[in-house]
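1. Just need the structure, nothing else, for what follows:
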Amino acid sequence: MDVSQHQSAAAATGDRLSTLQDSVLSRILSFLPAKEAAHAALLSPRWRDVFAGVDTVVLEEPESPIREPTDDGGSPGWGPQPDPNQPPPFSSLVSAALLGRNRRVGAAPLRKLRVAVGGYSRSDSCTMDQWVNFAVQQASADGLHLDLRLRCHRRLCPRPCSLRSAGQGDRDDGKPILVSTAVSVPDGEEAVCEVKSPPCREASADADTDDDSSVLSDDDSGNKTSSFNDRPWWEVPEYIYTITRTIFSCAELRSLSLSFCQLAPPTNVSMPSLQALLLSHVSDPGSDIERLICGSPRLTDLTLEASDAVTALSVLCGVRLRRLALRCCHNLATVAVDSSELHAFDYRGAVPNNTFLTLHGGCLKVVYCRVDICGEEVYSEDDLTKLRQLLQPFANARYLHLESARLGMGLNTDVPVRFPSFSSLHHLELRGRLPDNDTTIVAAISRMLEHSLNLEALTMVFHPEKDDDRWSRNYPRFRQGDLLDEHYLDYNPHSTLNVPCGAIPCLRSHVREINLVHYQGGRAQRTLSKFLLSNALVMDELYCELAEGPLWTQTQLTQEIKGWVVNKSAKTHIS
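-> Sure thing, here's the model as predicted:
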């Protein structure tokens, strides 16, 4: 039965969607994840071959489930019996989805390929090359978006966020601390980075299990192999995929996202259409990344994450970025960028030195600024001064996002550091932990609000004080009831809330919206919330997301919050 007969049969049965042309149906399915789009083949014979014509392939390898305690007492390295109906490897599914396009005549050119893989071994190199080469050959003339994420379940940064009250330098939770080391290798060989400290067993499940002697020279293969076998499992080197060079001459490429890869770009890079570049955990030095940027004259969006081999970065080769994101590149010391067209700046890492960021062209067009200080709490005068100097160039921003271990970016200390003045700021978002014994948070937030005279929206995201990862580490030790009863609500209706008196100009005349996210009901959170709501005279909307917990506690918190609202005509959304 041909397509016209299928359409006639569909129209006779009242299925109007199936009467559409294959190109239209393929376009509709392209907005769904590849796995769900493939399920459409089960609807009827009319849909059997439609999936092969989609112009978008998005596949992500699911994370391994938490192992149930067994009779062996939950010993590491032991698990359930192998599944006789185990699904095929994830790489086979990706290859099948791509090869299925070749079996269909007139399939639409590939517009987007996004693959997130949980692990990578040396034997996967050829498969990765085939995926990338296929995407380049089948690229749409309107543009290709390529996203290849290896070891996608790894954490971005191993640095834990800690408060001074929790003790500094006492953390021993078994989390992986990965140190990437740049290794220069000849073309066509694999780069290797070593894990310097033992990660958890689940995080290293993707470690290479092949014989490492094949990548060593004949002279010392015996010694090296024996040394690898004598090492503990967490010290076995991890192989890094080197991206195929065909990508560096793809004229249709619009966006490129790579993680846990080595670039090793050639001398001449030509990507004339590339607009967005994301590099995460790459092992190349800054000079290679600069060469890649200079070969992309239309690049406007650059994101660099957890690339410890990059110590300096210069984007002054005629490329004018509109967005720059630098996340957890802890060895990055200096950055120079043409900021004449910069609209958004995103930074995550330790408090940088004064010479970290050099902006050529000013920051008059920057409307969004995000600063996330990871690691230990900021409290010293030197760090607060550096933090102020980092924020000062973005004083004209309309949206400011500040995140740190403690809510308030350390301004609740007695250090006399003046918060920058943000006269154009319309939306302020603050994230961090707020311990129950914090008595200076109101003063810290007041210092920020006093320098944001035109603020219209205020968002507070309260991070939980408890460690979320302890469940995954100690799962076999807890009973099911313990897991079900655990929550983060900490409400004591008899605690005294010492709310200071004070009038904040922006609260009384400009702030129209207040958002409280993951509200847990601790004394410090209640004190801050009462101060804000009782002074927000012109607030129109209040959004509050309560943390999970008993219904009766959530009901008490809801009634208390509504009682603090001064403007009774304001819309309140509490869930």
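
2. contacting residues around residue 35?
-> Counting by Cβ atoms under 8 Å, 6 or more residues apart in numbering, residue 35 touches residue 59. C-beta coordinates here come from the backbone N, C-alpha and C atoms, glycine included.

3. Buried residues, stretch 301-312. List them.
-> Residues of stretch 301-312 classed as buried under the neighbour-count rule (16 or more other Cβ atoms under 10 Å) are 301-310.

4. beta partners of residue 433?
-> residue 406, residue 463 (DSSP bridges).

5. what's near enough to touch it?
-> 161, 163, 405-407, 462-465.

6. which of the residues you listed are buried?
-> Buried members of the contacts of residue 433, counted by 16+ other Cβ under 10 Å: 161, 163, 405-407, 462-463, 465.

7. Need these in JSON lines (columns: pLDDT).
-> Formatted as JSON lines, the buried ones among the contacts of residue 433 follow (pLDDT from 0 to 100):
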{"residue": "161", "pLDDT": "71"}
{"residue": "163", "pLDDT": "73"}
{"residue": "405", "pLDDT": "89"}
{"residue": "406", "pLDDT": "88"}
{"residue": "407", "pLDDT": "89"}
{"residue": "462", "pLDDT": "94"}
{"residue": "463", "pLDDT": "91"}
{"residue": "465", "pLDDT": "75"}
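
8. If we only consider the residues you listed, which is nearest to residue 111?
-> residue 463 (37.8 Å; Cβ to Cβ).

9. who's in contact with stretch 529-539?
-> Contact partners of stretch 529-539, identified using Cβ under 8 Å, 6+ apart, comprise 442, 445, 458, 460, 497, 499-500, 502-504, 507-514, 516, 519, 542, 561, 564-567, 570.

10. Mind doing that once more with 6 Å?
-> Contact with stretch 529-539 is made by 442, 497, 499, 504, 507-508, 511, 514, 564-567, 570, as judged by Cβ atoms under 6 Å, 6 or more residues apart in numbering.

11. Relative to residue 127, how far out is the residue nearest to the spatial centre of the chain?
-> Nearest residue to the geometric centre of the chain (Cα atoms, centre = their mean): residue 156, 7.2 Å. Residue 156 sits 25 Å away from residue 127, going by Cβ to Cβ, to the nearest Å.

12. swap in residue 62?
-> Look at residue 62 and residue 127: by Cβ to Cβ, they are 19 Å apart.

13. And those two? Which one has more around it.
-> Legend: neighbour count by other Cβ atoms under 10 Å for residue 62 and residue 127, higher for residue 127 (17 against 10).

14. pLDDT (mean, whole number) over stretch 31-45?
-> The pLDDT scores in stretch 31-45 average 68.

15. Next, the residue nearest to the centre of the chain: phi, psi?
-> phi -70, psi -40 (degrees, to the nearest 10).

16. Same question for residue 543.
-> Phi and psi for residue 543, reported as degrees, to the nearest 10, are phi -110, psi 130.

17. ok, it touching residue 573?
-> Yes: between residue 543 and residue 573 there is a contact under Cβ atoms under 6 Å: 4.9 Å.

18. Please say which of those two ends up with more neighbours.
-> residue 543 (15 against 10).

19. Please determine how far the more buried one is located from residue 369.
-> Between residue 543 and residue 369 the distance is 23 Å, computed by Cβ to Cβ.

20. sorry, back to before: which of the buried ones among the contacts of residue 433 lies closest to residue 281?
-> residue 161 (19.8 Å).

21. Skipping its backbone neighbours, what lies nearest that closest one in space?
-> Excluding its sequence neighbours, the residue lying closest to residue 161 (Cβ to Cβ, 6 or more residues apart in numbering) is residue 405, at 4.2 Å.

22. That neighbour: what's it in contact with?
-> Residue 405 sits next to 161, 163, 377 when contact means Cβ under 6 Å, 6+ apart.

23. do residue 319 as well
-> Applying Cβ under 6 Å, 6+ apart, the residues contacting residue 319 are 293, 299.

24. Model confidence for residue 362, exactly?
-> Model confidence at residue 362, given as pLDDT, is 86.

25. mind checking the SS state of it?
-> coil (DSSP: H, G, I helix; E, B strand; the rest coil).

26. which residue packs closest to it, ignoring adjacent ones?
-> Per Cβ to Cβ, 6+ apart, closest to residue 362 is residue 339, 6.4 Å.

27. Count the neighbours of the one you found for me.
-> A count of neighbours around residue 339, defined by other Cβ under 10 Å, yields 24.

28. all helices in the stretch 301-450 of the chain, in order from the N-terminus.
-> 381-391, 441-450 (DSSP state H, counting those that start in this stretch).
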